[in-house]
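A.B. asks: Make a model of this:
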Amino acid sequence: MQKNFYQLRCVGCKKIVSEEDSVAVCLHCGEALQVEIPPAELAARVKKGFQKSAAISGKKYLPFYPLHSPEKAISFGEGNTPLIRLEKIGKQLKQPNLYVKNEGQNPTGVFKDRGSLVEISKALELGAKAVVVASTGNMAASVSAYCAVAGLPCYVLIPENTPLGKLSQAIGYGARILSIRGTYADCCVLAEKMAAKYKYYLAGDYVFRSEGQKTLAFEVIEQLGWKSPDAVIVPVGCGTNIAAIWQGFREFHQLGFIKKLPRMIAVQPDGCSTIVAAFQKKMRKSPFVAHPQTVCSAVGIGKPLDDIKALQALQQSHGCAITIPDSVTLQMQSQLGSLEAIFVEPSGALPVACIAALRKKKLIKADEVVVCVATGVGLKDSQSILASHPTPPSVEPDMREVDRFLKFKLYAIRAAGFQEKEKILFKKTPSLAILEKTIRKEFNANLKATHLEEILESITSFLAKGKPIAKADLQNMVEAKLTDLTYEKRVMRVIDYELQIHKTTPPQAKVSVEFLGEKLTAEAQGVGPVDAVITAIRKALEGKSKLGEKLVDFAVNIEDKGTDASTGVTMGLIDKNKNTVKATATSPDIITASIAAFEKGYNILYWKSQQNKNRVE
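C.D. replies: Predicted coordinates for the structure are as follows:
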């Protein structure tokens, strides 16, 4: 083994640790490690192997990496991500010199690739036979990709709620994945134990990863014409990235490439304030958050390993730290896409989302050059963007349907309803006039009388079950009615139902149904309460309806948290002529929502069958 031109020092007890013994944490006190390269050594290496005029790439900065054989580094196009000036959002926020460093343009769509270059190259240098990593998704995708290039088996431990977009990448790169019923911290503990027991290289937010991620600072300086920005805003989870970026600025400053250093600003979601809380309370280490509650899964880290290094970066740079609600972050995620054509995961939207709050607190100035680090591409967590936009409506191939879609501005309702979604609108049934006025005010939508009457019926059902109508509830009702563009009048309506549910016998349902003006009743059993009610409805319609409809899909979504949760049901139906439909409905309980979805789907299928019949005739 060659003699190191660097050393690993613990940020806690300050002891030197050999990389042969640990590449993760100090063996004496358990704190994080940092690479120390003597200034004279770094200057000599840079003078010998660094060309300022060379094109930007991850491999351009090889002299800055603690690698003995940098020419053998595992690299496939990381770095050189665009620094984009936010013209429209900057104007909107009155921050004209606002930039986004779009790290989603890295090979696996995330900033982690910079660190994987160094970390997996180091694993090969140390003769590793396999790599193990704990991850909330992004790290798994990046490490498994670089292991595939290096020819190393990669074991990945993830919390079981990891977004599928991130998990599918790791699977595609050949990772051996184990889903853990626990937190990211639980995954880290198991990964450490696996590495120790089986002699695997432990990858993650550790010392050598920082050495790759610091190159983001190098690139920003070059892209700004070899100048430093005034402030850099970084989404923070483990704290590794903000500490690494700060180290990059310091190294270029030390080498004389820039004259001043920027302020580092950490941003976290309200539901996982660890490093921000520590900074604001002037603590040396961050508090532990047992169960992070945020859609920003990439930074939902309750026990950050590099909290000391991150806090040092904030203090040394005279920076600051701030938290932002998920609702504000998701709104900015949408605006980055619709105004600037930059599609980022929720965590990547955090830095831009906090600009208004920073300005209000006078933590940044209007004339400052501010760089926001967008950590990953939006495809990493596509569910978040889908959750903040309505499901596209399904209509018949008829221009009249398109006319209705444009008239009701269905595409704009979810955006209008996103803010203040928990605001209570109705505690008692409103009049049609008040309902119409409220919908126009809250969602900028003008509805027909038939739509208003059906929404009023849904409101009455909600209130009867003891749930007040929040803005999110009314939004769901409006969307449900406006996506149902294909029929003018219901031919089938469930008037009422009764259920008997016992522990050891099948549920029994009794329904009262109106079909083409005729009232019908029936009773039936089912394997579950929803099945019992639908079976009873079908029995009531025997001899009356010839649709032959069947249930082919059934999905349930809990819209909000807590005891006042709303349940959204999506139901797929098919009739005997192979006509299909997906119908949605929302209610305080799953049974009522399911019945409403079945009723809606049935009526659309009936309408379609009549249209087909008329065309044949």
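
A.B. asks: from here on, contacts and neighbour counts on C-alpha atoms
C.D. replies: Fine.

A.B. asks: My assumption is that Met264 lies in a strand; please confirm.
C.D. replies: Yes: assessed with DSSP: H, G, I helix; E, B strand; the rest coil, Met264 lies in a strand.

A.B. asks: give the contact list for it.
C.D. replies: Listed by C-alpha atoms under 8 Å, 6 or more residues apart in numbering, the contact partners of Met264 are Ala231, Val232, Ile233, Val234, Ile242, Trp246, Ala313, Leu314, Ser317, His318, Gly319, Cys320.

A.B. asks: Can you flag the buried ones in those residues?
C.D. replies: Neighbour-count burial (16 or more other C-alpha atoms under 10 Å) is assigned, among the contacts of Met264, to Ala231, Val232, Ile233, Val234, Ile242, Trp246, Ala313, Leu314, Ser317, Gly319, Cys320.

A.B. asks: that older thread, now pLDDT, secondary structure and distance to Leu499 too, for the contacts of Met264, in a markdown table please.
C.D. replies: A markdown table is the format used below for the contacts of Met264 (pLDDT from 0 to 100; DSSP: H, G, I helix; E, B strand; the rest coil; distance: C-alpha to C-alpha, whole Å):
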| residue | pLDDT | secondary structure | distance to Leu499 |
| --- | --- | --- | --- |
| Ala231 | 98 | strand | 62 |
| Val232 | 98 | strand | 59 |
| Ile233 | 98 | strand | 56 |
| Val234 | 98 | strand | 54 |
| Ile242 | 98 | helix | 57 |
| Trp246 | 98 | helix | 63 |
| Ala313 | 98 | helix | 62 |
| Leu314 | 98 | helix | 60 |
| Ser317 | 98 | coil | 65 |
| His318 | 98 | coil | 64 |
| Gly319 | 98 | coil | 61 |
| Cys320 | 98 | strand | 58 |
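
A.B. asks: Max pairwise distance over those residues: which two?
C.D. replies: Pairwise distances among those were taken by C-alpha to C-alpha; the largest, 14.6 Å, belongs to Val234 and His318.

A.B. asks: Tell me how far Ser273 lies from Thr584.
C.D. replies: Distance, Ser273 to Thr584, by C-alpha to C-alpha, to the nearest Å: 36 Å.

A.B. asks: Determine the longest helix present in this protein.
C.D. replies: helix 590-616 (DSSP state H).

A.B. asks: Now find how far off-centre that one is within its chain.
C.D. replies: With C-alpha atoms, centre = their mean, to the nearest Å as the basis, helix 590-616 stands 34 Å off its chain's centre.

A.B. asks: just checking, what packs against that helix?
C.D. replies: Helices and strands touching helix 590-616, by 3 or more C-alpha pairs under 8 Å, 6 or more residues apart in numbering; DSSP states H and E, are strand 492-500, helix 529-540, strand 567-574, strand 580-587.

A.B. asks: Kindly compare burial across the ones you listed and name the winner.
C.D. replies: Stretch with highest mean neighbour count among these: strand 580-587 (a mean of 24; mean count of other C-alpha atoms under 10 Å).

A.B. asks: Gln335 - how many residues pack around it?
C.D. replies: Neighbours of Gln335 under the rule other C-alpha atoms under 10 Å: 18.

A.B. asks: quick check, it in a helix?
C.D. replies: Yes: assessed by three-state DSSP, Gln335 belongs to a helix.

A.B. asks: rewinding a little: closest one of the contacts of Met264 to Pro304?
C.D. replies: Taking C-alpha to C-alpha as the measure, Pro304 lies nearest Ile242 of the contacts of Met264, at 12.2 Å.

A.B. asks: List the contacts of the closest one.
C.D. replies: Val234, Pro235, Val236, Met264, Ala266, Ala310, Ala313.

A.B. asks: Now compare the residues you listed and name the two farthest from each other.
C.D. replies: Distance extremes for the contacts of Ile242: the farthest pair is Pro235 and Ala313 at 13.6 Å, using C-alpha to C-alpha.

A.B. asks: among the helices and strands of the protein, which has the poorest mean pLDDT?
C.D. replies: helix 410-417 (a mean of 63; mean pLDDT, DSSP states H and E).

A.B. asks: Which SSE is immediately downstream of it?
C.D. replies: Note on helix 410-417: by DSSP states H and E, the next helix or strand toward the C-terminus is strand 424-426.

A.B. asks: quick one: the strands in the stretch 201-350 of the chain?
C.D. replies: For the stretch 201-350 of the chain, the strands defined by DSSP state E, counting those that start in this stretch cover 201-203, 231-235, 263-269, 320-324.

A.B. asks: Compare those strands and give me the one nearest Glu453.
C.D. replies: The closest of those to Glu453 is strand 320-324. By C-alpha to C-alpha, the value is 38.6 Å.

A.B. asks: Next, the angle from that closest one to strand 263-269.
C.D. replies: Interaxial angle of strand 320-324 relative to strand 263-269 (axes from the mean of the first three to the mean of the last three C-alpha atoms, to 10 degrees): 20 degrees.

A.B. asks: which stretches of the stretch 401-550 of the chain have low pLDDT?
C.D. replies: Residues of the stretch 401-550 of the chain that meet the criterion pLDDT under 70 lie in 410-419, 483-489.

A.B. asks: where do the strands sit along it?
C.D. replies: With strands called from DSSP E, counting those that start in this stretch, the stretch 401-550 of the chain shows them at 424-426, 469-470, 492-500, 508-515, 518-525, 550-558.

A.B. asks: how about those strands in a markdown table, adding distance to Ala217?
C.D. replies: Shown next, in a markdown table, are the strands of the stretch 401-550 of the chain (distance: least, C-alpha to C-alpha, whole Å):
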| stretch | distance to Ala217 |
| --- | --- |
| strand 424-426 | 46 |
| strand 469-470 | 45 |
| strand 492-500 | 63 |
| strand 508-515 | 65 |
| strand 518-525 | 66 |
| strand 550-558 | 42 |
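
A.B. asks: right, and these - which one's nearest Ala130?
C.D. replies: Closest among the strands of the stretch 401-550 of the chain, once you apply C-alpha to C-alpha, is strand 550-558, at 39.4 Å.

A.B. asks: buried ones in that closest one?
C.D. replies: By neighbour count on 16+ other C-alpha under 10 Å, the buried set for strand 550-558 is Val556, Ile558.

A.B. asks: which helices and strands does it pack with?
C.D. replies: Counting by 3+ C-alpha pairs under 8 Å, 6+ apart, the packing neighbours recorded for strand 550-558 are strand 567-574.

A.B. asks: and the angle for the strand it packs on with strand 580-587?
C.D. replies: For strand 567-574 against strand 580-587, the angle by the same axes, to 10 degrees is 160 degrees.

A.B. asks: Pull the residues that contact stretch 450-463.
C.D. replies: Counting by C-alpha under 8 Å, 6+ apart, 427-430, 432, 435-436, 468-469, 474, 477-478, 481-482, 587-588 sit against stretch 450-463.

A.B. asks: Low-confidence stretches in this protein?
C.D. replies: 1-2, 165, 387-394, 410-419, 483-489, 559-565, 614-617.

A.B. asks: mind giving me the domain ranges of it?
C.D. replies: According to automatic domain parsing, the chain comprises the domains 7-112+209-384, 394-485, 489-617.

A.B. asks: Would you format those as CSV with distance to Ala128 included?
C.D. replies: CSV is the format used below for these (distance: least, C-alpha to C-alpha, whole Å):
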stretch, distance to Ala128
domain 7-112+209-384, 11
domain 394-485, 49
domain 489-617, 44
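
A.B. asks: Please identify the most buried of these.
C.D. replies: For the domains of the chain, the stretch with the most neighbours on average is domain 7-112+209-384, a mean of 20; neighbours defined as mean count of other C-alpha under 10 Å.
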